[in-house]
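Peer 1: here is a sequence with its predicted model. Questions after.
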Amino acid sequence: MSENEEYKDIVIVGAGLSGIGAACHLKRECPNKNFIILEARANIGGTWDLFKYPGIRSDSDMFTLGYKFKPWRSGKAIADGPSILNYIKETAEENKIVESIRFNKTLVEANWDSLNKTWKLKLRDTLSKTYSYIQCNFLYMCSGYYNYKKPYCPDFLGAKNFKGTIIHPQLWKESTNYTDKIVTVIGSGATAVTLVPELAKKARKVVMLQRSPTYLIARPSEDWFANLMRVVFSSRLAYAITRFRNILFQEYIYKKSRRHPTKLKNKLLREVRKEVGDSVNVDQHLTPKYNPWDQRLCLLPDGNLYDVLKNKKAEIVTDEIIEFNEFGIRLKSGRQLDSDIIITATGLNLQIMGGATIKIDNEEVDLSKCWTYKGIMISDIPNMVSTFGYINASWTLRADLISEWVCKLINFMDQERSKSVTPIASDTVNWPEPKDWIDDFSSGYMKRAMKNFPKQSKSQPWINSQDYRLEKKLFNQALRDDKALIFH
């Protein structure tokens with residue numbers, strides 16, 4: 001390390017929901033460690049600062065999407081994007097995290113030096129386009145799971161011929177005017193069902209064009225139980241009780257979907273039929289071909305999508321696109337969807353490690369040929385933890401668990417005077433056929449990217465279980481007894 005090269009004990013990558021939470025945990029549990037956060041953009045908040053499309057909101061309740069250590073005090077359990085962003089900013093300010101953030105710094109490459117037990121990080125300044133370096137002992141990746149600059153959008157035949165506006169929600173411009181316009185939203189996932197009710201407030205008509213339906217579940221935007229608990233208990237205790245209750249509910253729904261998929265499917269569809277009556281052909285437009293939680297359930301606060309379908313401000317069309325033309329979209333059925341604006345709510349491009357190259361002693365690591373350790377570390381890569389939340393529950397539940405584990409690990413390493421820890425996939429283990437890092441989940445954005453991610457086994461600790469209560473036990477196992485971790 002050169003005399004002018006900066007060194008930190010820990011570098012966190014990303015100042016979004018995960019990164020700010022990680023920094024708060026480190027400040028509390030590892031007060032003797034110095035750290036910084038690298039943020040590629042000019043603001044904190046990650047997803048909640050990036051997305052600006054109409055109606056942007058959580059698709060989980062805020063009692064589980066919020067941090068374990070900071071109660072969510074708003075009346076609405078299903079919160080809008082600006083409220084979530086304010087919550088993250090407030091957390092950062094209360095814990096004096098902002099002063100530790102280096103904005104406009106993109107991690108390009110991380111190279112582990114086995115001799116010196118340090119990571120050498122190559123950073124690119126997003127404004128000046130210049131490069132700089134910093135070294136650290138521990139690298140904590142909280143950079144999210146998708147490419148911020150390049151969303152997923154198929155190459156639609158004839159798209160250049162359309163005379164109106166085509167926009168992806170991830171790249172939404174706040175100047176976009178949809179008042180009294182005919183808007184077609186391509187997609188049926190969480191983004192599409194969020195957009196349609198909001199657009200319908202001003203647009204002349206909104207069409208949600210889907211290739212296949214998604215499971216929908218309506219819930220009140222305000223949680224009566226949470227509001228009752230606030231009357232009876234202190235805000236912190238009320239939050240903890242509500243959080244625990246909602247964790248159990250999320251777990252119940254998911255596990256029921258795995259054990260009794262047909263029963264849950266019928267229950268969900270009964271609720272849909274009750275909500276929409278005969279205003280929508282449920283069999284055609286709202287009955288998926290797959291089982292619940294093979295893809296993520298889409299949450300509707302106060303059933304808002306059903307309302308705009310019933311009052312004819314919005315329509316669902318289930319069909320396939322043949323081509324775009326001057327006036328809109330021509331469908332396989334022969335129908336023409338004339339549009340002023342076409343919104344391609346077609347998904348995300350998943351990205352591992354924020355797009356950074358990972359090297360060990362100057363040799364690039366092919367992460368797809370590695371094994372995941374508990375879904376948080378990667379075989380043969382020292383001193384690096386990566387945060388990826390739950391796909392079947394709230395993201396932050398897992399982010400908090402991982403932060404607690406990281407703090408425990410760092411303090412244990414200090415106690416043992418260890419400079420590095422590496423998960424080693426022993427040759428003596430009888431490795432089965434590898435499974436995808438996220439298994440049993442059919443969403444396109446996952447399937448497209450799994451070839452680039454580490455694999456998982458069928459046995460601990462080489463699994464990514466996506467099971468909150470199981471992981472609480474798994475992460476609480478004594479580090480001293482963990483034969484898969486090698487401390488140096």
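Peer 2: That came through fine.
Peer 1: how deep is the nearest residue to Phe388 once chain neighbours are set aside tucked in, by neighbour count?
Peer 2: With sequence-adjacent residues excluded and distances taken as Cβ to Cβ, 6 or more residues apart in numbering, Phe388 is closest to Tyr145, at 5.8 Å. Glycine gets a C-beta too; all of them are placed from N, C-alpha and C. Burial of Tyr145 is recorded as 23 neighbouring residues (other Cβ atoms under 10 Å).
Peer 1: just read off the phi/psi values of Tyr145.
Peer 2: phi -130, psi 0 (degrees, to the nearest 10).
Peer 1: what do you get for Ile391?
Peer 2: According to degrees, to the nearest 10, Ile391 has phi -100, psi -20.
Peer 1: same check, this time on Tyr445
Peer 2: According to degrees, to the nearest 10, Tyr445 has phi -60, psi -30.
Peer 1: measure Ser443 to Thr346 for me?
Peer 2: 12 Å (Cβ to Cβ, to the nearest Å).
Peer 1: wait, doesn't the residue nearest to Phe388 sit right on Gln351?
Peer 2: Yes. In this structure Tyr145 lies within contact range of Gln351 using Cβ atoms under 8 Å: 6.9 Å.
Peer 1: which residues touch the residue nearest to Phe388?
Peer 2: 348, 350-351, 388 (Cβ atoms under 8 Å, 6 or more residues apart in numbering).
Peer 1: which one is Asn291 nearest to, not counting chain neighbours?
Peer 2: According to Cβ to Cβ, 6+ apart, the nearest residue to Asn291 is Pro261 (3.8 Å).
Peer 1: what segments of the stretch 51-200 of the chain are strands?
Peer 2: Using DSSP state E, counting those that start in this stretch, the strands found in the stretch 51-200 of the chain span residues 101-103, 105-113, 118-125, 131-141, 165-167, 182-186.
Peer 1: how many residues are close by Glu90?
Peer 2: 12.
Peer 1: ok, it to Gln466 distance?
Peer 2: With the distance defined as Cβ to Cβ, Glu90 ends up 29 Å from Gln466.
Peer 1: show me what contacts Asn86?
Peer 2: Asn86 neighbours (Cβ under 8 Å, 6+ apart): none.
Peer 1: gap between it and Asp80?
Peer 2: With Cβ to Cβ as the criterion, Asn86 and Asp80 are 10 Å apart.
Peer 1: do Ile134 as well
Peer 2: Ile134 is 36 Å from Asp80, by Cβ to Cβ.
Peer 1: Tyr53 too?
Peer 2: For Tyr53, the distance to Asp80 - Cβ to Cβ - is 12 Å.
Peer 1: likewise Asp223?
Peer 2: Counting by Cβ to Cβ, the gap from Asp223 to Asp80 is 15 Å.
Peer 1: so for the two, which sits in the more crowded spot?
Peer 2: Set Asp223 next to Asp80 and count neighbours by other Cβ under 10 Å: Asp223 wins out with 22 against 19.
Peer 1: just checking, the more buried one touches Thr242?
Peer 2: Yes. Asp223 is within contact range of Thr242, at 6.7 Å (criterion: Cβ under 8 Å).
Peer 1: outline the domain layout of this structure.
Peer 2: 6-148+349-487, 160-221+264-344 (automatic domain parsing).
Peer 1: now mean pLDDT and distance to Asn246 too, for those, in TSV please.
Peer 2: Shown next, in TSV, are these (pLDDT from 0 to 100; distance: least, Cβ to Cβ, whole Å):
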stretch	mean pLDDT	distance to Asn246
domain 6-148+349-487	94	5
domain 160-221+264-344	96	10
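Peer 1: closest one to Met229 among these?
Peer 2: domain 6-148+349-487 (9.7 Å; Cβ to Cβ).
Peer 1: give me the buried positions along stretch 83-90.
Peer 2: Going by neighbour count (16 or more other Cβ atoms under 10 Å), the buried part of stretch 83-90 is 84-85, 87-89.
Peer 1: and which of the residues you listed is nearest to Glu320?
Peer 2: The closest of the buried residues of stretch 83-90, once distances to Glu320 are taken by Cβ to Cβ, is Ile84, at 34.9 Å.
Peer 1: how about the contacts made by the closest one?
Peer 2: Applying Cβ under 8 Å, 6+ apart, one finds that Ile84 lies in contact with 17, 48, 58, 62, 65.
Peer 1: intersection of neighbour lists for Asp223 and Thr242?
Peer 2: Contacts common to Asp223 and Thr242, judged by Cβ under 8 Å, 6+ apart, are Phe63.
Peer 1: surely Pro54 meets Glu198?
Peer 2: Yes. In this structure Pro54 lies within contact range of Glu198 using Cβ under 8 Å: 4.2 Å.
Peer 1: in a strand, that's where Tyr239 is, yeah?
Peer 2: No. Going by DSSP: H, G, I helix; E, B strand; the rest coil, the assignment for Tyr239 is helix, not a strand.
Peer 1: state the pLDDT value of it.
Peer 2: Tyr239 is assigned 96 on the pLDDT scale.
Peer 1: and it, how many residues sit next to it?
Peer 2: Quick note: Tyr239 (other Cβ under 10 Å) scores 24 neighbours.
Peer 1: contact partners for it?
Peer 2: 63, 66, 71-72, 226, 229.
Peer 1: check those residues and tell me the two furthest apart.
Peer 2: Counting by Cβ to Cβ, the most remote pair of the contacts of Tyr239 is Gly66 and Met229, 14.3 Å apart.
Peer 1: quick check, Gly164 in contact with Asp338.
Peer 2: No. Between Gly164 and Asp338 there is no contact, the gap being 9.2 Å when judged by Cβ under 8 Å.
Peer 1: can I get the domains of the chain in JSON lines including distance to Lys256?
Peer 2: Putting those into JSON lines (distance: least, Cβ to Cβ, whole Å) gives the following:
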{"stretch": "domain 6-148+349-487", "distance to Lys256": "12"}
{"stretch": "domain 160-221+264-344", "distance to Lys256": "5"}
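Peer 1: which of those domains sits closest to Glu251?
Peer 2: Among these, if distance is taken as Cβ to Cβ, the winner is domain 6-148+349-487, at 6.4 Å.
Peer 1: ok, back up a step: which of Gly66 and Met229 has more neighbours?
Peer 2: Using other Cβ under 10 Å as the criterion, Gly66 and Met229 rank with Gly66 on top: 29 against 20.
Peer 1: phi, psi of the residue lying closest to that one once chain neighbours are set aside?
Peer 2: Spatial nearest neighbour of Gly66, chain neighbours left out: Trp72 (4.0 Å); criterion: Cβ to Cβ, 6+ apart. When read as degrees, to the nearest 10, the backbone of Trp72 gives phi -90, psi 120.
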